[in-house]
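Enquirer: Prediction below, plus the sequence it came from.
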Amino acid sequence: MEGELAHIGAGLAAIGSGAAAIGVGNVAGNFLAGALRNPSAAASQTATLFIGIAFAEALGIFSFLVALLLMFAV
Amino acid sequence: MATEAHGAEEGGLVFHPMDQFKLSKLFCTDDPSTAVNECQIDIGMFTITNSTLWMALAVVAVIALMVFGTSRRATIPGRTQSIAELAYGFVYKMVEDVAGKDAVGFFPYIMTLFMFVVFANFLGLLPMSFSTTSHFAVTVVLAMMVFLTVTIVGFVKNGAKFLGLFWVSSAPLALRPVLAIIEIISYFVRPVSHSIRLAGNVMAGHAVIKVFAGFAAIAVVSPVSVVAITAMYGLEVLVAFIQAYVFTILTCVYLKDALHPSH
C-alpha cells in the first residue's frame, strides 16, 4: 500500500512541472512583449531573461526530484 | 510484468529509463563466482568508472579545442580557431556584463566551468555515452566549489560588510529581520538549486528520450516514437547549451553579489 501511495505522490509531484511551465511561459512571454515594444533594448536583457527562466524552472526541477525520490528512494 | 516478458521474447527494447545513469567500473574483472573484483587500472584509491571516463574525455575535448584552436593563430581564423575564439569571447563578455569589470580576475575559473559543463553535456548526448552532468555527485561538487569560492571572496574583499548582503538597508526597519532570515535561507539554498537545476534538466531530458525509446518496441507506435526521439534530441541539444549557460551566468551573478554586497 505504501509503495502505491508513493507512486500516486510521484504523479502528484508532476503537477509541479506544469506549474513551472506556467512560470517559464510568463517570463518568456513578458520578455517577448517588452522586446517587441523596444527591440533595441532586447539584446541587452537576454541574460536577465535566462536568469529568470532558470529561477522559475528550478522549482519545477525540484518537483521532478521529489517524484524521483518517491519512485526510487522511498 | 507480462508485457516486459513479451518484449523480451520479441527481442524488443526492454530497459528501465533510469538504467542509463548506472555507474559501472571499467577495466575490472567482475566475476561473481569468485567474488573477486580486481581492477587492472587503479589510480590510488580511485577506480575508473564510466563517469570518470567521460569526464576525462570532456576535459581532453576542451583542451584539444583550446590548444589546437589557438596554436595557429591565423589572421583569418579557421573553423577550430573560430569556435575557440567564439567561446572565449562569449564567456568573457558574460563575466564582464553580469559580474562587472572587477570580476575579470575570475574569468579563468568561470571559463573552465563553462567549457567543462558544456562539453560534458554535449558528450552525454552522443549515443551510448554517459552523461556525467546527470549525476548530482558531479554537479554538487561544481556548485559547492562556486558557493565556497563566492563566500570566501565575499569575506576577503568586503570583510564584515559582506553580511550587508543579508541586511536589506532599503527596506523599512521593522521588516529587515524578517528579510534577513529569508535572505540567509535563499543564500544557503543557492548551491542546492544551482546543482539540481543542471543535473535535473540533463537527467530529465535523457530519461524522456529513453521513455520514448521504450515505446519503439511496439511496432504500431514505433514511427511516432522515432519522430519523438528526434524532436526530443533536438530539444536536448538546446537544453545542454542553455543549462551550461545558466550555470555559468548564475556563477557570475553570485560573484557579483560577493564583490558588491550592498543592496
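Expert: Good, I have the coordinates.

Enquirer: wait, what's in contact with the residue in chain A positioned nearest to chain B?
Expert: Going by Cβ to the nearest Cβ, chain B is nearest to residue A:61 of chain A, at 3.7 Å. Heads up, the C-betas are built off the backbone N, CA and C, glycines and all. Counting by Cβ atoms under 8 Å, 6 or more residues apart in numbering or on different chains, residue A:61 touches A:20, B:196-197, B:200-201, B:204.

Enquirer: repeat that for 10 Å
Expert: Contact analysis of residue A:61 by Cβ atoms under 10 Å, 6 or more residues apart in numbering or on different chains lists A:16-17, A:20, A:54, B:193, B:196-201, B:203-204.

Enquirer: Out of those, which one has the lowest pLDDT?
Expert: For the contacts of residue A:61, the model is least confident at residue A:54; its pLDDT is 85.

Enquirer: and that one, what does it touch?
Expert: Neighbouring residues of residue A:54 by Cβ under 10 Å, 6+ apart: A:24, A:27, A:61, B:193-194, B:197-198, B:201, B:242-243, B:245-247, B:249-250, B:253.

Enquirer: Recalculate using a threshold of 6 Å.
Expert: By Cβ atoms under 6 Å, 6 or more residues apart in numbering or on different chains, residue A:54 lies in contact with residue B:246.

Enquirer: before we move on, back to that, figure out the helix or strand that the residue of chain A closest to chain B lives in.
Expert: Here residue A:61, judged by DSSP states H and E, is contained in helix A:46-68.

Enquirer: before we move on, back to that, list the single closest residue to the residue of chain A closest to chain B in space, sequence neighbours excluded.
Expert: Nearest in space to residue A:61, with sequence neighbours left out and distances taken as Cβ to Cβ, 6 or more residues apart in numbering or on different chains, is residue B:200 at 3.7 Å.

Enquirer: residues near residue 52, how many?
Expert: Just going to use chain A. 18 (other Cβ atoms under 10 Å in any protein chain shown).

Enquirer: wrong one, chain B
Expert: Using other Cβ under 10 Å: residue B:52 sits among 18 other residues.

Enquirer: before we move on, what about residue A:70?
Expert: With other Cβ under 10 Å as criterion, residue A:70 counts 19.

Enquirer: In contact with it, which residues?
Expert: When contacts are taken as Cβ under 6 Å, 6+ apart, residue A:70 is in contact with A:6, A:9-10.

Enquirer: ok so, going back, buried ones in the helix or strand encompassing the residue nearest to residue A:61?
Expert: Assessed by DSSP H and E, residue B:200 sits inside helix B:176-215. The neighbour-count check on helix B:176-215 (16 or more other Cβ atoms under 10 Å in any protein chain shown) flags B:176, B:179-180, B:183, B:187, B:190-215 as buried.

Enquirer: after that helix comes which helix or strand?
Expert: Later in the chain than helix B:176-215, the nearest helix or strand by DSSP H and E is helix B:222-259.

Enquirer: Any residue of that following helix touching chain A?
Expert: Yes. For helix B:222-259, a contact with chain A is found by Cβ under 6 Å from any Cβ of the partner chain, at B:246, B:249.

Enquirer: got the angle between that helix and helix B:176-215?
Expert: In terms of direction (axes from the mean of the first three to the mean of the last three Cα atoms, to 10 degrees), helix B:222-259 departs from helix B:176-215 by 160 degrees.
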